[in-house]
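[1] here is a sequence together with a model predicted from it:
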Amino acid sequence: MALRLPSFNGLRPPGPSAAQRLAEVELSPIKAVELQASRIPDVVSLAQGIPSFDTPAPIKQFVQEKLAAGLCAKYSVTPGLPELRELIAETLLREGMRYDPDGEIIITCGAIEALSATLLATVNPGDEVLLTSPTYASYLPAIRLAGGVPRFVALAEDANFDLDPDAIAAAVSRRTRALLLCNPNNPTGTIFSRAQTLRMLEVAERHDLLVLTDEVYKDFVYTDTAPFSPALVAEARARVVRTVSFSKSYGMTGWRVAFLHGPRARVAEILKVHDTLVTCAPVVSQYGAIAALTLGEPFVAEFRQVFRRRRDRVIGYLDQLADVFDYQRPNASYFVFPRVKDTVPLARDSRRLSEDILTRARVALVPGVAFGPTGEAHLRLCYARDDGDIDLAFERLGNYFSGHRLAPARPGPSPAAAAAPRRRAGTRRAGVGVLHALARLYLARRRPRVVAIAGSRGKTVLKRLLVEALAPSLAVRANPLSYNTEVGLPLAVLDTPLDTSRPSSVARGFARALGTALFARAPVDVLVLELGVRRPGDMAAHLRTVHPDIAVVSGLSPSFSEDHQALAVLRAEIATLCDDVTRRGGAVLLCGDDPSLAALAAQRPHAECFSRAQLSERNGGATLAVGEASWPVQREIVGDSNLYGLIVATRVGRLLGIGDEALRAFLADSR
C-alpha cells in the first residue's frame, strides 16, 4: 500500500487558521466536571479515570536508583531509550506482533501525545477522521488541532457497543483519512469483537484509511478473551498505528509515558512531529516504564482483580437502581456507561442531569453526551475509586433519584398559550394510535413468536442474553433500550427510531414504520419486547397490540423503600400479563426469589418459577438445572441479573425448540 503522507517541506493545502482551530477546542468535559466539583465541598467523584493505586514500590525504587546514578538528567535519543524499546519489542513479539525497536517504536509523553503526533503527521487541513460514538472525549481536540474534522460513527449498542463496520463504511467520504478507535472502549468498557474488527479492516483497506487504535485499557479485561488488536493482522500492518500507555496498568498516570508502534515509513514521519513537540519522553519516566515491564506484572494482576471486584460492586448498585438505569455489562476498563431511563427527569439532557446530580447530590459524574452524540441519555461512572467512594456515591445517588430531582418552576400559561399544548396532545394521541395500528399489522403479517419481558430489575441483561442464546438458531430481534412509554412499544415492534424533538425525524420515523408494516421481508422468528408499566391500565394497552407467547417477569423489588404505591401498581399489571398469556396458552416464567412473584405463581398452576437455587457450584465448576436437565456453565456470572438471564435464556430456548447442543454451547461461551 502506498502511504499517503503529508510533505513537511512544501505548503499544506489551505485550511483553518490557528485561531479557528483553537476556537473549536475546549477543556476536556471530564476535566471540566472535576474542576466544577473542586469548587463544591464534600463531593465524591466517579468522574475522572484515575486509578486509586499508587505506583508500585519496586518501580519507584528502580527509578530512585537510576536518579542516584545520574542517569536521568540528559535527553534520551528521540525515539526513546534503546533498552526500553527493545523490551517493548520483546513484549509485542510474545503477543503476536513483530516490530523493530529501531524504527517502528516511539516512546511518547502519554497516549494522547502519541495520538496527537500521529494525527499531525497524517492529517491535512479539512481531512475527516472517523470516531466511534461513544468514545473518549479528548480525541476531538487532538483532531481539530491537527486541522482535521471529526466525524462520529455510532457503535452497535444492541451488541454491547461493538463496532459497526457497515456504519463505518457508510460514513466514509472522499475526505476521510483515518479511523480512531479506543479498544477496550472508554466509556463503555466494550471489547470490540474479532469478527467486527476484521470487517472494519476490510473497510479500511477498501477506502485506504489509517487505523489508529488506542489500547490503554488492554490489561484490565474481565473475560477469558483478550482484546483483538488490528495490529495482529499482518495484511493490515501498513495502515495500523497502535498506542499503549503505562498510565492505567501500572498506576503511573502522572509519569506521562506511553509508546506507539507502526510501519517504518509512517513512524519515521511521526517521529519528526514527536521531536518537534517534546524532543523525547522524560527519561525518568522511561526508566519507570522499564521497571514496569520487568517488575510490574504481579501488580497489574492485583489491580485487575480489585477493579473486577469493584465492577461487580457497581453492577450490584445499578441493579438496585433498575428503575433509573439500564446498562450493558463492561468487560474491560474501569468504566460503566448506564443509560438513564426515559421516565427519569432530564434523562435526555445528560449535561443538565449530571450538573444537577453534582449540585444536589454532591456526586461528580460525566455526562454521556461528552463522548459523542449517541452517548446522550447516558452517564459515565468510574469505578477506579476505592470502595468507600463507590458506596458513598451510590448512597447519595439513591437518595437523589428517590425524590430530590430537578423540578424547575414554570410560570402559568396564558389562555392563548394553553391551547397549543392541547392541540399537540391531540396530535400525539392520533400519532400513537397510528403506530399501534401499524405494529398490529406488522405482527399479523409476519407472525413472529413474541417473548415479553416485564418487571423492574435486570431486563436489559435478560434481553441481551436471550438474543445470544436464540440468534444462532433463529432470526431474533430485540431492542436494547427500555420501552416504558405507550409510544415505545410499537416503535420496538416496528424497529423504528423516533426523535420527537425533531420534526424531520418524526416524519422519517413514520415513513419507516409504514414501510416496515407493509413491506418488511427480513425474517423474524422471535421478537423480544419489554412491556414497561407506570400506571394502571398500561399492561392492558400493551396487550391490545401484542399477544406474547412467553412472558418473563424479573424481580419486582423496589429501588427505593418508599415506592410502595408504584410497586402495588406493578404487581397488579404483572398479574394482568400472566393471566392474558396463560389464557392464550402461552408460558409464564416468574422470578421465584421475589416473594410477591412466588405468591403469584402459586395462584397460577401453569406458571413456572426460576431462582438462584437452580445454579449449583461444586469442585470449581457451576451447573445449571433447567427442568429435568442439568447444564455445565462456563460463562462468567456477575450479579443476579446475569444469573437469571442465563436461566431464562436456556428455558426460553427449550420452549422455542432450540436443541440441547446449541444451548450447551451458549452456556459454555466464556465471552
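    Sure, I can see it.
[2] and the strands in the stretch 101-250 of the chain?
    Using DSSP state E, counting those that start in this stretch, the strands assigned to the stretch 101-250 of the chain run over residues 105-108, 128-133, 149-154, 176-182, 210-214, 240-245.
[3] redo those as JSON lines? Include mean pLDDT.
    Below are the strands of the stretch 101-250 of the chain laid out as JSON lines (pLDDT from 0 to 100):
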{"stretch": "strand 105-108", "mean pLDDT": "98"}
{"stretch": "strand 128-133", "mean pLDDT": "96"}
{"stretch": "strand 149-154", "mean pLDDT": "95"}
{"stretch": "strand 176-182", "mean pLDDT": "97"}
{"stretch": "strand 210-214", "mean pLDDT": "98"}
{"stretch": "strand 240-245", "mean pLDDT": "98"}
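[4] Ala439 is nearest to which of those strands?
    For the strands of the stretch 101-250 of the chain, the distance to Ala439 is smallest for strand 149-154, at 24.4 Å, taking C-beta to C-beta. C-betas here are computed from N, CA, C, even on glycine.
[5] wait, Val300 touches Tyr250, no?
    Yes: counting by C-beta atoms under 8 Å, Tyr250 is a contact partner of Val300 at 6.7 Å.
[6] looking at the two, which one has more neighbours?
    Higher neighbour count among Val300 and Tyr250: Tyr250, with 27 against 17, using other C-beta atoms under 10 Å.
[7] the strands of the stretch 101-250 of the chain: which one's closest to Gly653?
    Short answer: strand 149-154, nearest of these by C-beta to C-beta, at 29.6 Å.
[8] so how far is stretch 591-598 off the chain centroid?
    With C-alpha atoms, centre = their mean, to the nearest Å as the basis, stretch 591-598 stands 31 Å off its chain's centre.
[9] oh, I was asking about stretch 214-232
    Using C-alpha atoms, centre = their mean, the offset of stretch 214-232 from its chain centre is 15 Å.
[10] can you give me the buried ones in that stretch?
    Neighbour-count burial for stretch 214-232 flags 214-222, 227-232 (criterion: 16 or more other C-beta atoms under 10 Å).
[11] export only the CA atoms of it, formatted as PDB.
    In PDB, the C-alpha atoms belonging to stretch 214-232 read as follows (Å, rounded to 0.1, in the frame of the first residue of the first chain):
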ATOM      1  CA  ASP A 214      -5.700   3.400  21.400                       C
ATOM      2  CA  GLU A 215      -5.400   0.300  23.700                       C
ATOM      3  CA  VAL A 216      -4.600   1.900  27.100                       C
ATOM      4  CA  TYR A 217      -7.000  -0.400  29.000                       C
ATOM      5  CA  LYS A 218      -5.900  -3.700  27.400                       C
ATOM      6  CA  ASP A 219      -4.600  -5.000  30.800                       C
ATOM      7  CA  PHE A 220      -8.000  -4.600  32.600                       C
ATOM      8  CA  VAL A 221     -10.100  -7.300  30.900                       C
ATOM      9  CA  TYR A 222     -12.600  -9.400  32.800                       C
ATOM     10  CA  THR A 223     -13.200 -12.200  30.400                       C
ATOM     11  CA  ASP A 224     -11.100 -15.100  29.100                       C
ATOM     12  CA  THR A 225     -10.800 -13.500  25.700                       C
ATOM     13  CA  ALA A 226      -8.000 -10.900  25.200                       C
ATOM     14  CA  PRO A 227      -8.800  -7.800  23.100                       C
ATOM     15  CA  PHE A 228      -8.100  -8.500  19.400                       C
ATOM     16  CA  SER A 229      -5.900  -5.700  18.100                       C
ATOM     17  CA  PRO A 230      -5.900  -4.600  14.400                       C
ATOM     18  CA  ALA A 231      -2.100  -4.700  14.700                       C
ATOM     19  CA  LEU A 232      -2.300  -8.500  15.000                       C
END
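[12] not counting residues beside it along the chain, what's closest to the residue sitting nearest the centre point of the chain?
    The geometric centre of the chain, computed from its C-alpha atoms, lies nearest to Thr188 (C-alpha atoms, centre = their mean), at 2.7 Å. Leaving aside its sequence neighbours, Thr188 sits nearest to Phe161 (C-beta to C-beta, 6 or more residues apart in numbering; 4.1 Å).
[13] so the one you found touches Pro184, yeah?
    No: applying C-beta under 8 Å as the test, Phe161 and Pro184 come out as separate, 10.4 Å apart.
[14] which neighbours do those two share?
    Common contacts of Phe161 and Pro184, defined by C-beta atoms under 8 Å, 6 or more residues apart in numbering, comprise Thr190.
[15] residue contacts, Leu462?
    Leu462 makes contact with 453, 552, 554, 641, 644-645, 648-649 under the criterion C-beta under 8 Å, 6+ apart.
[16] skip the chain neighbours and tell me the closest residue to it.
    Counting by C-beta to C-beta, 6+ apart, Leu462 lies nearest to Gly645, which is 4.9 Å off, once chain neighbours are set aside.
[17] same thing with Leu232?
    Gly96 (5.3 Å).
[18] residues near that neighbour, how many?
    Neighbour tally, Gly96, other C-beta under 10 Å: 11.
[19] show me what contacts Ala142?
    112, 115-116, 119.
[20] will you turn those into CSV that also has neighbour count, pLDDT and distance to Ala439?
    Compiled in CSV, these are given as follows (neighbours: other C-beta atoms under 10 Å; pLDDT from 0 to 100; distance: C-beta to C-beta, whole Å):
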residue, neighbour count, pLDDT, distance to Ala439
Ile112, 22, 95, 47
Leu115, 26, 97, 45
Ser116, 23, 97, 49
Leu119, 27, 97, 46
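[21] shouldn't His542 be within a strand?
    No: using DSSP: H, G, I helix; E, B strand; the rest coil, the assignment for His542 is helix, not a strand.
[22] measure the residue lying closest to it once chain neighbours are set aside to Pro56 for me?
    Once flanking residues are discounted, His542 sits nearest to Leu531: 4.8 Å by C-beta to C-beta, 6+ apart. According to C-beta to C-beta, to the nearest Å, Leu531 stands 51 Å off from Pro56.
[23] same check, this time on Pro605
    61 Å.
[24] more neighbours: the two, which one.
    Pro56 (21 against 7).
[25] residue contacts, the closest residue to the more buried one other than its chain neighbours?
    In this structure, Pro56 finds its nearest non-sequential neighbour in Phe299, 4.3 Å apart by C-beta to C-beta, 6+ apart. By C-beta under 8 Å, 6+ apart, the contact set of Phe299 is 53, 56, 250-251.
[26] quick one: those as JSON lines, columns for distance to Leu346 and pLDDT too.
    JSON lines is the format used below for the contacts of Phe299 (distance: C-beta to C-beta, whole Å; pLDDT from 0 to 100):
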{"residue": "Phe53", "distance to Leu346": "34", "pLDDT": "91"}
{"residue": "Pro56", "distance to Leu346": "42", "pLDDT": "95"}
{"residue": "Tyr250", "distance to Leu346": "38", "pLDDT": "96"}
{"residue": "Gly251", "distance to Leu346": "35", "pLDDT": "94"}
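[27] contacts made by the strand or helix carrying Ile270 with the rest, please.
    Using DSSP states H and E, Ile270 sits in helix 264-278. Identification of contacts with helix 264-278 by C-beta under 8 Å, 6+ apart yields 3, 5-6, 8, 78-79, 100, 103-106, 108-109, 113, 116-118, 120-122, 210, 238, 241, 260-262.
[28] show me which of the residues you listed are buried.
    Buried, going by 16+ other C-beta under 10 Å: 6, 78-79, 104-106, 108-109, 113, 116-118, 120-122, 210, 238, 241, 260-262, out of the contacts of helix 264-278.
[29] quick revisit: correct me if wrong: the residue nearest to Leu462 contacts Ala469.
    No: applying C-beta under 8 Å, one finds Gly645 not in contact with Ala469, separated by 9.0 Å.
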